[in-house]
Every structure is written in structure tokens, then in C-alpha cells.
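Chemist: no FASTA, just this:
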């Protein structure tokens, strides 16, 4: 009888160890489920935070006016012509008007404008090096229209071919527009 009791005890110990393992598996599964449930909304929020759409594009008219409130000139911008074809003339400005969407509406967000130039690049007058892109950090107001543009300031800028502007938020490209710059 004593031996029978030992076998039953041994069986109960084995069942106890299996039960502990099963409880451990259930506990681990619950932790993973709850961790995923807590983190998933944050991941969704990141993925839904920002999108952008090009609303208009083309040649931009720049006007400077003196302001009594600010000693520096204030630049007033307006789209003069909607076009993808841009004449390579000194003083010509072109770019995009875009809208950033995502929560929270009205907040400012850090973005980057990445200008990509024709394969030959734009010559830097100071260093003599050819630039194949220019990166400009800026802030945009979520839910409002924003403007990004380039201006041909010197003869070195007059590079015909495809020019592309990309708008980025962190590591994600939100929108882009390609322009064909031509010699008039």
C-alpha cells in the first residue's frame, strides 16, 4: 500500500509540474496579448499621424513688402501658373502647395523638403562641387495649406532636366512632385 501511495504521489507531482508549465504558458500568452493591446494603438497612431497631398504646383509669384511690425521684409506668395514645365530663368520661383493631414489638427509638425536635381546636379558657387539634392527642414501646420518652393538665384541654378521635390516626415515620404526645368 505504501508503494501504491508513492506512485500516486509521483503522478500528482508530475501533474503539478505540468500544471505549473501550463499556467506559465497561459501567463505568457496573456502578457503578450496585453502588451500587444497596449502597444497597438500607439503604432496605429504613428501610422495615421501624417499624410500629405499636393493641392497645387507650378510657378510661384513672390512679393516682398515692408512691415511696420517686423523690420524684415515679409514675403507674400501666390501661385502664378499651374504647370510642371518651369523655365530656367534667374528669378523664377516654383514649387508646391500641399496639405498635411493627421491628428491633432492645428499642431505644427517637423517636416523635410528634399529637392532632387538632374543627374549633373547644381554647382555650388563657393565649393565648385555639384549638388544632387538639397534638404530643407521646416515646420508645417497640420490641416492647413503649406508652401515649399525653390528660386533660381544664379546662373549655377539654371540646370535643365527633372527636378523633384519630396516632403518627408521622419523616415516616411508623404508626397512628391516632379518638374521639368527647360531652357527658354
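Modeler: Everything's here; your move. These numbers were taken from a predicted model, which means no experiment stands behind them. Numbering: from 1, shown residues only.
Chemist: following the lowest-mean-pLDDT helix or strand in the chain, which helix or strand comes up?
Modeler: Within the chain, no helix or strand scores below helix 2-49, which has a mean of 47 by mean pLDDT, DSSP states H and E. Next in sequence after helix 2-49, counting helices and strands by DSSP states H and E, comes strand 51-65.
Chemist: Please name the strands paired to that next one in the sheet, noting orientation.
Modeler: Under the criterion DSSP bridges, strand 51-65 sits next to strand 74-82 (antiparallel), strand 93-101 (antiparallel) in its sheet.
Chemist: what is the mean pLDDT for the first one?
Modeler: So the one you mean is strand 74-82. Per-residue pLDDT over strand 74-82 has a mean of 70.
Chemist: And the following helix or strand past it, what's buried?
Modeler: The C-terminal neighbour of strand 74-82 among helices and strands, as given by DSSP H and E, is strand 85-87. By neighbour count on 16 or more other Cβ atoms under 10 Å, the buried set for strand 85-87 is residue 86. Every C-beta, even on glycine, is put in place using the N, C-alpha and C of the backbone.
Chemist: Could you list the residues in contact with strand 85-87?
Modeler: For strand 85-87, the surrounding residues in contact (Cβ atoms under 8 Å, 6 or more residues apart in numbering) are 58, 59, 92, 94, 163, 179, 180, 181, 182, 183, 184.
Chemist: biggest separation within those residues, which pair?
Modeler: 58 and 183 (18.2 Å; Cβ to Cβ).
Chemist: Show me which of these two is the more surrounded one.
Modeler: residue 58 (19 against 9; other Cβ atoms under 10 Å).
Chemist: what residues are up against that one?
Modeler: Neighbours of residue 58 in contact, by Cβ under 8 Å, 6+ apart: 79, 80, 81, 82, 83, 84, 86, 94.
Chemist: hey, what's the first one bridged with?
Modeler: Here residue 79 sits in beta bridges with residue 60, as judged by DSSP bridges.
Chemist: Tell me who's in contact with it.
Modeler: 56, 57, 58, 59, 60, 61, 97 are the contacts of residue 79 under Cβ under 8 Å, 6+ apart.
Chemist: next one: the fifth one
Modeler: Counting by Cβ under 8 Å, 6+ apart, residue 83 touches 57, 58, 59.
Chemist: Now with 10 Å, please.
Modeler: Counting by Cβ atoms under 10 Å, 6 or more residues apart in numbering, residue 83 makes contact with 57, 58, 59, 94, 179, 180.
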